[in-house]
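Engineer: from the sequence below, what's the structure:
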Amino acid sequence: MYSSWYHQEQSLTGTVYDSSMLHMRNMLPTLLRITSLTKVVQVPFHVGAFLKTGEYECRNSASESEIVHVNFILPDGTIKKVRGKVGDNVMYLAHRYKVDIEGACEASCACSTCHVYVDEKFYQKLPEAKEAEDDMLDMAPALKPNSRLSCQIILTKELDNIVLTLPPITRNFYVDGHVPTPH
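Structural biologist: Model prediction:
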């Protein structure tokens, strides 16, 4: 049971937000204003972590021109082909199609469990990794020069037929035989 200070709200879209997420979402404009004034305060989180993102990836494309084909090469060598759309987050798209990418931090760029290898042909088409992503990749086992976090890859039409290879292992900090699954 929740303590008395904890409550949940449900939006019109059916998304459930707990009070801490709503509080953080309401604080964001203030934090951004302070950051722009002082240049000292940095916002250390992604808004998506508090808004329970992933709903967009569960919707089908309205038009064929938005379709982006994604090819996942699984650790056993098999290829899983999925259809996404422009704007999809690759990690959430993988979850939708039951591709075994964990995503322990739910796309907040705070772990490396969604680590993938991007085919060289497409690697150059991605925006440069931000410092937070580079920091998390430093913790990823089996790191390669073409490693990226799938939670930081947003599909564009330019990425049609992208090939993403899942690494042989990922690292999460669970212990005692816990078997992680996508959320």
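Engineer: least confident secondary structure element in the protein?
Structural biologist: Least confident helix or strand of the chain, by mean pLDDT, DSSP states H and E, is helix 47-50 with a mean of 41.
Engineer: next secondary structure after that helix?
Structural biologist: As assigned by DSSP states H and E, the chain's next helix or strand after helix 47-50 is strand 67-73.
Engineer: now the angle from the following helix or strand past that next one to strand 67-73?
Structural biologist: Proceeding N to C from strand 67-73, the next assigned helix or strand is strand 79-85, under DSSP H and E. Inter-element angle recorded for strand 79-85 and strand 67-73: 150 degrees (by axes from the mean of the first three to the mean of the last three Cα atoms, to 10 degrees).
Engineer: which helices and strands sit right next to strand 79-85?
Structural biologist: Strand 79-85 is packed against strand 67-73, helix 90-96, with contacts defined by 3 or more Cβ pairs under 8 Å, 6 or more residues apart in numbering; DSSP states H and E. Any C-beta I mention is one placed from the backbone N, CA and C, and that applies to glycine too.
Engineer: how about Leu164, nearest residue that isn't a chain neighbour?
Structural biologist: Spatially, and ignoring its direct neighbours in sequence, Leu164 is nearest to Val116 (4.4 Å; Cβ to Cβ, 6 or more residues apart in numbering).
Engineer: report the strands that pair with the one helix or strand that neighbour maps to, each with its relative direction.
Structural biologist: Element membership for Val116 (DSSP H and E) is strand 115-118. With DSSP bridges as the test, strand 115-118 is paired with strand 147-149 (antiparallel), strand 162-165 (antiparallel).
Engineer: what does it contact?
Structural biologist: 72, 90, 101, 126, 137, 140, 142-144, 146-150, 153, 162-167, 170 (Cβ atoms under 8 Å, 6 or more residues apart in numbering).
Engineer: one more time with 7 Å, if that's ok
Structural biologist: 126, 137, 140, 144, 146-150, 164-167, 170 (Cβ atoms under 7 Å, 6 or more residues apart in numbering).
Engineer: what residues are bridge-paired with His69?
Structural biologist: According to DSSP bridges, beta-bridge pairing links His69 with Arg83.
Engineer: list the contacts of stretch 124-136.
Structural biologist: With contacts defined as Cβ under 7 Å, 6+ apart, stretch 124-136 is touched by 109-112, 118, 148-149, 152-153, 158-159.
Engineer: could you give me the average pLDDT of it?
Structural biologist: Mean pLDDT, computed over stretch 124-136, is 96.
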